[in-house]
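A.B. asks: Quick one: sequence and predicted model below, then my questions.
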Amino acid sequence: MRKDDSDRIEKWAATSLTTALALLLTLILCGPAAVAQSAAIHANGAFADEFDCSQSQTSIECITVSVFAQSNGQPFLSYDRSISDLNTGALLQDASGFGFISNSAFQVHGHTDSLNADTTVAGFVNQFCTFDPNTGIPTCNSVPGGVVTGTWTAITNLMTHGSGASTETFPNTIFITNGTFEDQAALANVNVLGAALANVTGDVGRQINTFISVQVRH
């Protein structure tokens, strides 16, 4: 994905040393042998994504949504919603999912992208994890999923171009991307399974001959 997304993820991951250690422990305990499911897509068309966090008196909630069109086939959607303890930074729970959605679920009209997807459909992978407060060890289970929606409105005509390979790690999901993209900043409003973020910064644009691998870990 893009450098600005990586910067936002690094900022989130660095909310405290405890969070970083919990993430590291999760990855150690959930090594390659524990990879639950994965998907590989060939993105070649419009995309929209968003990553941001909100804070309450006791916790930090972070939400990411990414949707990619394909030249041949249905759009691909992934989401992640994590909640961490505000005081310790320890991960408390994480809901994530990925899979293909109907062509009508992701639309691009001028400077606005819209998403309205049902993740309860067959073949869509949805998982929910809770984390032991003492060890950080996750317990994950498959769940039915729900509705993921979003709107992105481009806020600048400045287009960024880039290419290459990158890896991004969320509490229960890993993205490996290799290809070329063009993107621009957008004002985003998203809702993941009832949890919403409004007026946050996202990105819209297009992927060009980009290969994306997604892995979910238990």
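C.D. replies: All right, it came through fine. Worth saying up front: this structure is predicted, and the values here are computed from it rather than measured.
A.B. asks: Just the helices from this protein, written as ranges.
C.D. replies: For the chain, the helices defined by DSSP state H cover 3-13, 17-29.
A.B. asks: which stretches of the protein have low pLDDT?
C.D. replies: The model of the chain has pLDDT under 70 over residues 1-37, 172, 217-218.
A.B. asks: if we go to 50?
C.D. replies: Within the chain, the ranges that satisfy pLDDT under 50 run 1-36.
A.B. asks: which strand is the longest one in it?
C.D. replies: Counting by DSSP state E, the longest strand found in the chain is strand 195-217.
A.B. asks: What pairs with that strand, parallel or antiparallel?
C.D. replies: The strands beside strand 195-217 in its sheet (DSSP bridges) come out as strand 35-55 (antiparallel), strand 173-192 (antiparallel).
A.B. asks: which parts of the last one are buried?
C.D. replies: In other words, strand 173-192. For strand 173-192, the neighbour count (16 or more other CB atoms under 10 Å) marks 173-177, 179, 181, 183-192 as buried. (C-beta placed from N, C-alpha, C; glycine too.)
A.B. asks: quick one: the residue lying farthest from the centre of the chain from Thr88, how far?
C.D. replies: Relative to the C-alpha centroid of the chain, counting by CA atoms, centre = their mean, Asn134 is the outermost residue, at 26.2 Å. Distance, Asn134 to Thr88, using CB to CB, to the nearest Å: 11 Å.
A.B. asks: and what of Ala69?
C.D. replies: 40 Å.
A.B. asks: Kindly report the same for Ser54.
C.D. replies: Going from Ser54 to Thr88 by CB to CB gives 18 Å.
A.B. asks: One more: Ser78?
C.D. replies: 27 Å.
A.B. asks: Which one of those two is surrounded by more residues?
C.D. replies: With neighbours defined as other CB atoms under 10 Å, Ser78 and Thr88 compare such that Ser78 has more, 25 against 15.
A.B. asks: In a markdown table: the strands paired with strand 195-217, plus distance to Gly150.
C.D. replies: As requested, the strands paired with strand 195-217 are arranged in a markdown table below (distance: least, CB to CB, whole Å):
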| stretch | distance to Gly150 |
| --- | --- |
| strand 35-55 | 7 |
| strand 173-192 | 4 |
